[in-house]
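Colleague: quick one, what's the 3D model for this:
(2 chains)
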Amino acid sequence: MFNLDHAVASWRHQFKHTRTVTEADVDEMERHLRDHVEDLHSNGLDLQTAFNSALCEMGGLTDSESEFGKVKWSRIRHNRSIGEEMAAWRGMAFNYLKVAMRTLMRNPVPTSINVLGMAIALACCVLVFFFLTSWHSMDSYHKDGDRIFLAQHEVIQNQNLEVWGRIPAPVGPALERDFPQVEHALRVNYHGVSIQHENRLFREGIIFVDEDFFDVLSFPLRSGSATALADPYSVIISDKTAQKYFPDTNPIGQEISVIVDNQTRIDVTVAGVAEPFPSNTGFRFDFLMGFDRMSELNVLDAEDWATMISGLFVKVRNPDDIVTVADGMQSYLDVQHSARPDWPISRFTFDNFTNPSSDAYLVQGRVAEAAHPALSIMFIVMAVFMLSLSCFNYINISLGSASRRLKEIGLRKVAGGSRLQLALQFMTENIVLCVVALLVGIVVCRAFLVPLFNSLFILQLEFSIAGRPDFWIYMISLVLFVGIISGLYPSLYVASFRPAAIFRGKQKLADNAWFTNAFLVFQFVLAFVTVIFGVVLTMNSRYLVQQDWGYDPGNLLVVELQESSQYDVLAPALTSNPGVASVVGAQNHIGQDVNIVDYELPEGGSVSMLRFDVSPEYPEAMNLRLSRGSFFNISSAASAGSSTIVNERLVQSMAWDEPIGKTITVDSTERTVVGVVEDFSFFLLAEPLPALFVVPENTDYNYAVISGTGSRLDVTSKEIEATFATLFPESVYSGFSQENVYDDVYSQYNTVVNAFNYLSALALLIACMGLFGLVAQNIARRTKEIGVRKVVGASLSRIAFTINRRYLQLLGVAALVATVISVLALSVILSVVRGIVPVAHMPLTPLPFSVAYAIVLLTAGVAILLHVYKIAQANPAETLRAH
Amino acid sequence: MLAAAMEPLMLSLLADGPKYGYQIIKKARAISGDQIQWSNSKLYPLLHQLEYDGLVESYWQPSDAGPDRKYYRIKPRGKKALVKTRNEWLSMNQIFATLWTPGLSLES
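Modeller: Reported below is the predicted structural model:
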């Protein structure tokens, strides 16, 4: 018995596997069919005949398919909607992805080398991202930042235009009075004090601020109240300070003593604790107190135009108002000039606080730290460097591994794969690899690089990627960029292979092509260059330590005095100590501070010289080496006061043949040169500067320089500290051995050097991974050849040499190119380093280059030898049988 | 059947109201005296193309008996296109009528 529904169902079934006729199309046709059958049936045909006849008229499957297909494909070729386009590609993309995953899993060695190299490079990029965002968004979190400005002034000193962040104290109130546009003029002044809590004494800085501090700047309080600034006996502290002084207790309500200028002691109560500062904080504080407290403590007179305070934040009602304010406030110049004829301000300016100008770092005495471009450049260069190394690595290895995949490529092409499809397949593999590398890189950055950075630099980075859309946008675009850049060439290259050539075994491989060689050379040039720089800088840091300072610091101890009156008490007390040979005073001290004076030459021009105001005994006590004349006449104050001791560089600059007896006028006092000392190192500068020692009339010494007698200098040092503590219980002891006077400079320098060394180690690692990968590919490709060579009796060393000869040649070329580049670029790098830490550099010798070559070649050698070991282990019978 | 005539024909058939595929075939057959015999493997792709071009639109409507029917309705753009092609065909018709005057002998 004929069943129409069954017949229709089986008719429908034939459309199940067609791609052009959709379900809805079939529904429509089915309704058509049923209508037709019904018509025929009602005209007297039996159901089965009606069905067959209707079906016949309808046309068969192939007709339908091709007619529907025409419409469908014409649409695809014309303008498909984006949605349809995506749907059509989704299937393809998924397929690409699947094949990419399989291929990557099947070749674990090149894959892991690529992932690891890329991960290290991307980890550097992640680090640089955090650094740059936090460095260049310094203080940007303050609310209404576009309306907050820092006042600055310009002044001409020694014919140079200088910009200063300090500002005359009365400017703030004057602005609030004279300009309705000014909402707040927030004065801040930094002052060094001693803080005592229980029996501990620390040297600290207090910032005295106006009461509207928290209205202008967004520093939320963790506890306590912002109104405490109005209370003269309250202090607000930072979170860091709270942890330092009150690690276990609630700081609110705790008492501390503030000792101002070593004389006035006041007891204050902690009334507020700030939340921890974000990592991108340029303006920070430890202690905050009300501004008005300063006049009571005799710190400064806020009414006096001669007084400068550390800074002034101005918050205007409208960002554009600042121009009016800046123009109007030039009228204050007259009163300032009469108050400070020695410091005539030529102009007041403003710079936005949260979005400062790019040269804000040049502003002297700026209250907020500003981004220094040298560091940004260094980090960007580093990231670009690492990325290009990894990209070249990828290109090299994937060109190398293409040889293994020749058959796959040939088959794909024979089966109808288009060039575009093949290229897309390779591209997908690369992007998958990059995404994996990014994930690994983020972990590497979190686990190693951020802690490393924080241990090297003062600036602390926070690793937070949650709620950072900018991070993900940057990273995803980076991955896509890197993926496409590094994948473009290999995928297009591979896609261009001709299948016939592949199967005939005639496809030429990238192996011999010039670009593989060029890439490898490029990588090793980069590795060589960084290693050379690293070695030069490392050797230089040793050189700095071994440098002759021009005097013997061995037995010298120095105490920094909190105030000059302490010298008269301390010196006699110390001379009774058997470990102390002598105590001398100094206002300036070598390695610590100095006056720079411009000495006008009678015949025109001027010489910049370092002027040390010291006691008459100082030059001899410092073990300076006399080359001519004598030290100061200690017995006669008048004679010492009218004489001076100069260094050899000064004699040179003045072009004196016979310096002894010449005169030089300093501070309108004519002084006769009585002695010449050898050049000595101040601040480890490259060139010694002309320097002279003069004996001032007053004895307001800032330093006590103590010569020890014996070898027990450390014991003496402890005894001195104990003596100091009993004599001045209100003062914080600050003393050091002269040998350690440059320790800060050394450690700063070493920070830069270490950063460089890590960079060069990473670059070397990536380059060697690239080499390792290439050698692996090479050996895999030449297994048969190696087997034959072994069978006919070639020695292992001979095989290793033959196989790797090309790489050795390339390394040689790389070394040559790198040497040239390094010699040319070294001065640039050194000037960048000097921009960060100004120190002397040793003359360039071949030694650092040789050391660098040795390091790179040894590492590269290890990478190659690992494979040679594999060759040695291989049994030729096995490998040949496999072929 | 002239391929070029398919589109104006279809639009003309739809001009007096929405129809479903089988209806269209039946009507075409009736007015042409069985001269026009569309198989639905030609009909539906054409309808879909017209729909894609934005000249007609379709909608499903439940029927009293059997599954839903898919109706096609001419859109304003389709009407405009129809007017335009109608004028072209009419003028073409006139030209041919003049060319093929009864006196012209085509069989030689």
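Colleague: residues in chain A within reach of chain B, list them.
Modeller: A:24-25, A:27-32, A:34-36, A:38-39, A:57-60, A:63-64, A:67-68, A:70-71, A:74-75 (Cβ under 8 Å from any Cβ of the partner chain). (Each C-beta comes from the backbone N, C-alpha and C, glycine too.)
Colleague: filter those down to the ones in helices?
Modeller: Judged by DSSP state H, helices contain the following of the residues of chain A next to chain B: A:24-25, A:27-32, A:34-36, A:38-39, A:57-58, A:63-64, A:67-68, A:70-71, A:74-75.
Colleague: which helices and strands sit right next to the helix or strand containing B:I95?
Modeller: Applying DSSP states H and E as the criterion places B:I95 in helix B:76-99. Applying 3 or more Cβ pairs under 8 Å, 6 or more residues apart in numbering or on different chains; DSSP states H and E, one finds that helix B:76-99 contacts helix B:3-14.
Colleague: between the helix it packs on and helix B:76-99, how big is the angle?
Modeller: Put simply, helix B:3-14 runs at 120 degrees to helix B:76-99, going by axes from the mean of the first three to the mean of the last three Cα atoms, to 10 degrees.
Colleague: residues near A:F849, how many?
Modeller: Look at A:F849: counted by other Cβ atoms under 10 Å in any protein chain shown, it has 20 neighbours.
Colleague: which other helices and strands does the helix or strand where it lies contact?
Modeller: Secondary structure assignment for A:F849, by DSSP H and E: helix A:846-873. Judged by 3+ Cβ pairs under 8 Å, 6+ apart, the packing partners of helix A:846-873 are helix A:514-546, helix A:743-781, helix A:796-836.
Colleague: if we use 10 Å, what do you get?
Modeller: Contact here means 3 or more Cβ pairs under 10 Å, 6 or more residues apart in numbering or on different chains; DSSP states H and E; on that basis helix A:846-873 packs against helix A:514-546, helix A:743-781, helix A:783-791, helix A:796-836.
Colleague: from chain B, how far out is the closest residue to A:E211 other than its chain neighbours?
Modeller: Nearest residue to A:E211, sequence neighbours excluded (Cβ to Cβ, 6 or more residues apart in numbering or on different chains): A:L229, at 4.7 Å. Distance of A:L229 to chain B, given as Cβ to the nearest Cβ, to the nearest Å: 71 Å.
Colleague: ditto for A:F728
Modeller: As judged by Cβ to the nearest Cβ, A:F728 and chain B stand 94 Å apart.
Colleague: name the spans of the stretch 551-700 of chain A whose pLDDT lies under the cut-off.
Modeller: A:684-686 (pLDDT under 70).
Colleague: any idea where the strands of it begin and end?
Modeller: Secondary structure of the stretch 551-700 of chain A by DSSP state E, counting those that start in this stretch: the strands cover A:556-560, A:580-586, A:595-600, A:606-613, A:626-629, A:643-647, A:663-666, A:669-677, A:691-694.
Colleague: tell me how many other residues crowd the nearest residue to A:I590 once chain neighbours are set aside.
Modeller: Spatial nearest neighbour of A:I590, excluding adjacent residues (Cβ to Cβ, 6+ apart): A:F682 at 5.8 Å. A:F682 is flanked by 22 other residues according to other Cβ under 10 Å.
Colleague: and A:E154, by the same measure?
Modeller: 14.
Colleague: you'd agree it is in a strand?
Modeller: Yes: counting by DSSP: H, G, I helix; E, B strand; the rest coil, A:E154 is found in a strand.
Colleague: now do the same contact list for it.
Modeller: The contact partners of A:E154, by Cβ atoms under 10 Å, 6 or more residues apart in numbering or on different chains, come to A:161-164, A:345-349, A:363.
Colleague: max pairwise distance over the residues you listed: which two?
Modeller: A:S346 and A:V363 (14.9 Å; Cβ to Cβ).
Colleague: quick one: which of those two has more around it?
Modeller: A:V363 (23 against 13).
Colleague: quick one: buried residues of stretch A:496-503?
Modeller: Across stretch A:496-503, burial judged by 16 or more other Cβ atoms under 10 Å in any protein chain shown covers A:497, A:499, A:502.
Colleague: what residues of stretch A:167-186 count as buried?
Modeller: A:167-172, A:174-176, A:179, A:181-186.
Colleague: how long is that stretch from one end to the other?
Modeller: 12 Å (Cα to Cα, to the nearest Å).
Colleague: chain center to it: distance?
Modeller: 37 Å (Cα atoms, centre = their mean, to the nearest Å).
Colleague: A:A370 contacts A:Q364, doesn't it?
Modeller: No: the pair formed by A:A370 and A:Q364 falls short of the contact definition of Cβ atoms under 10 Å, at 11.1 Å.
Colleague: shared neighbours of the two, anything?
Modeller: A:G165.
Colleague: then A:V268 would be within a strand, right?
Modeller: Yes: using three-state DSSP, the assignment for A:V268 is a strand.
Colleague: contacts only, for it.
Modeller: Contact analysis of A:V268 by Cβ under 10 Å, 6+ apart lists A:195, A:206, A:228, A:231-235, A:254-258, A:287, A:289, A:293.
Colleague: nearest spatial neighbour of it, skipping sequence neighbours?
Modeller: A:V235 (4.6 Å).
Colleague: where does the one you found land in three-state SS?
Modeller: strand.
Colleague: chain A contacts on chain B?
Modeller: Residues of chain B lying near chain A by Cβ under 10 Å from any Cβ of the partner chain: B:20-26, B:37-53, B:58, B:60, B:63, B:65-70.
Colleague: ok, and for stretch A:793-802, which residues are buried?
Modeller: A:799-800.
Colleague: list the contacts of that stretch.
Modeller: A:779, A:782, A:785-786, A:788-790, A:808, A:864-865, A:867-869, A:871-872.
Colleague: redo that, cut-off 8 Å
Modeller: For stretch A:793-802, contacts defined as Cβ atoms under 8 Å, 6 or more residues apart in numbering or on different chains pick out A:786, A:789-790, A:864, A:868, A:871-872.
Colleague: buried ones among the residues you listed?
Modeller: A:786, A:789-790, A:864, A:868, A:871.
Colleague: show me where pLDDT drops low in chain B?
Modeller: Checking chain B against pLDDT under 70 turns up B:1-3, B:40, B:103-108.
Colleague: quick one: low-confidence ranges for the stretch 1-150 of chain A?
Modeller: The low-confidence ranges in the stretch 1-150 of chain A, as defined by pLDDT under 70, are A:59-62, A:71-82, A:84-85, A:88.
Colleague: okay then, goodbye and thanks.
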